[in-house]
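K.L.:
Here is my input, please return the structure:
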Amino acid sequence: MFNLRSHLLWIVTPLTLIVTMGAGIASATVEEAAHTATPPARPSGEASAVRPQAYAVAGRVVFVDLPSRMLIVQRRDGKFVDVFIAPKTVIRMGGKAMRPADIRVGDRVAMVGKPHAKFVIDAAVMNVAVRSAASISQPE
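P.N.:
Next comes the predicted model:
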C-alpha cells in the first residue's frame, strides 16, 4: 500500500538533479571567468584612477601675463585659447628647458594639457618653436 521507498525516490531524484545542475553551472561559470581576458594592471597602483582627457593646442602666443601665469594662444582656425601654466608645467624650446618668463608674444607653441573650461587649458607640457634669427634680434 504505502511504499515509503517509492515516495522518497520521487522526492530525492528531482532534488539531486537540481543540485547537480547547479554545481555544473557554477563550475562552467568559474571556467569561463578563468578564460576571460583581463585588462593588464596599471603601474603604480592606478587601478581605480580615471585619467582626465588630454587636450592639445597649437598656435601663436598673442598675450602673456606672467604674474597670473596665463597665456592667450590663437589657433590656426582663429579661435583664442587661455592657457594656464602650472609650476609643474614642462616648457621646452629646441629640446632645452625654458622658464615661463622666456615666452614672448609671437612665439609659436604646441601644448598638451587638461581642459579646464571651454577654450581654457591647464598646460602639462609645452613646446615652443625655435625662434628665427630675425625675431631674436628685434627689441621687445
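K.L.:
Could you list the single helix or strand in the chain with the lowest mean pLDDT?
P.N.:
Using mean pLDDT, DSSP states H and E, the weakest-scoring helix or strand in the chain turns out to be helix 133-137, at a mean of 51.
K.L.:
Could you chop the chain up by domain?
P.N.:
Under automatic domain parsing, the residue ranges defining each domain of the chain are 1-38, 55-134.
K.L.:
Least confident of those domains, on average?
P.N.:
Confidence, taken as mean pLDDT, is least for domain 1-38 of the domains of the chain (a mean of 60).
K.L.:
Show me where the chain has its strands.
P.N.:
55-65, 70-75, 80-93, 96-97, 108-117, 120-128 (DSSP state E).
K.L.:
May I see these arranged in CSV, with distance to residue 18 and mean neighbour count as well?
P.N.:
The C-beta positions use only the backbone N, C-alpha and C, and glycine is treated the same way. Formatted as CSV, the strands of the chain follow (distance: least, C-beta to C-beta, whole Å; neighbours: other C-beta atoms under 10 Å):
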stretch, distance to residue 18, mean neighbour count
strand 55-65, 57, 16
strand 70-75, 67, 18
strand 80-93, 62, 16
strand 96-97, 71, 9
strand 108-117, 55, 16
strand 120-128, 59, 19
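K.L.:
List the residues that contact the residue nearest to residue 65 when sequence neighbours are not counted.
P.N.:
Leaving aside its chain neighbours, residue 65 sits nearest to residue 71 (7.5 Å; criterion: C-beta to C-beta, 6 or more residues apart in numbering). If you count contacts by C-beta atoms under 8 Å, 6 or more residues apart in numbering, residue 71 has them with 61, 63-65, 82-83, 85, 103, 109.
K.L.:
Ok, residue 63 next?
P.N.:
Contact partners of residue 63, counting by C-beta under 8 Å, 6+ apart, are 70-72, 105.
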